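> predicted model and sequence below, questions to follow.
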Amino acid sequence: LWWLTTESFDANPAQREALANTLRAFSGAAGGAPGRAGGGEGAASGSGEAANRRAFAQLAAGSGKTLLQLLVVAAMARGEHGGPPIQSALIVVPRLLLADQLLRELRRFGELMPEHEVLLVASRTSDTTVQRATGRGAADDIDAFLSPSGRQPPRLRLIISILHAGSLDKVGEAVRRQPG
């Protein structure tokens, strides 16, 4: 776990705009209606009921989308989206290469996050230090990871999954087991 105050990190203008627009999409300030919550380089849109709300951020290559993901999760874990602080987050990446990139950025900028734990739902990445859920027992591993029992104080739980039907099916199975 790493610590750093958000005041000591200065996001670029596109990241700041996308962060504000994404948090607005999750807050319902955009009316909860589908569509763009902002324009420009840091555009974001959101839709859905509060419990199932999703957001989409579109930034140019190299502008810091990976770090933006961490900034959004950190802000939501602090309740900056206008709702209760989140206790867990699922970040889905399309390729193993991007899972490695996300883990590197989490190590580099993890100080921006509240105290947290990470579970990777993928069989291979270059980072061998992260906890993994793979194979037939993956849903059980994810379920145990999401269960708050035995964690004092409670920590933010980050699940990083590859955009793969098998991985996402396991995450879905585990989430359906969770109470509430």
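Yep, that arrived.

> how far out from the middle of the chain is stretch 131-140?
Mean C-alpha position of stretch 131-140 versus that of the full chain (C-alpha atoms, centre = their mean, to the nearest Å) differs by 19 Å.

> start and end of it, how far apart?
When the termini of stretch 131-140 are compared using C-alpha to C-alpha, to the nearest Å, they are 14 Å apart.

> same question for stretch 160-170.
End-to-end distance for stretch 160-170: 12 Å, by C-alpha to C-alpha.

> ok, stretch 156-172 next?
Distance between the two ends of stretch 156-172: 19 Å, counting by C-alpha to C-alpha.

> same question, stretch 72-86
Stretch 72-86 has its terminal residues 11 Å apart, counting by C-alpha to C-alpha.

> equivalent analysis for stretch 75-92, please.
Start and end residues of stretch 75-92 are separated by 18 Å (C-alpha to C-alpha).

> would you mind pulling the contact partners of that stretch?
Stretch 75-92 is contacted by residues 19, 23, 26-29, 50, 69, 73, 102, 113-114, 116, 146, 148, 154, 156-163, 168, 171 when judged by C-beta atoms under 8 Å, 6 or more residues apart in numbering. Heads up, the C-betas are built off the backbone N, CA and C, glycines and all.

> which of the residues you listed count as buried?
The neighbour-count test (16 or more other C-beta atoms under 10 Å) marks 19, 23, 26-28, 69, 73, 102, 113-114, 116, 146, 156-162, 171 as buried among the contacts of stretch 75-92.

> ok, now which ones touch the closest residue in space to Ser147 that isn't next to it in sequence?
Closest residue in space to Ser147, ignoring its immediate chain neighbours: Gln178 at 7.5 Å, by C-beta to C-beta, 6 or more residues apart in numbering. Residues in contact with Gln178, defined by C-beta under 8 Å, 6+ apart, are 143, 146-147.

> just give me the closest of those to Leu98.
Using C-beta to C-beta, Leu146 comes nearest to Leu98 of these, at 22.5 Å.

> wait, the closest one sits on Leu156?
No: the pair Leu146 and Leu156 does not pass the contact test of C-beta atoms under 8 Å, sitting 11.5 Å apart.

> need phi/psi at Leu156.
phi -70, psi 130 (degrees, to the nearest 10).

> ok, now which ones touch the residue nearest to it when sequence neighbours are not counted?
Nearest residue to Leu156, sequence neighbours excluded (C-beta to C-beta, 6+ apart): His116, at 4.1 Å. Residues in contact with His116 (C-beta under 8 Å, 6+ apart) are 1, 77, 110, 155-158.

> mind checking which of the residues you listed are in helices?
Using DSSP state H, the members of these that fall in helices are Ala77.
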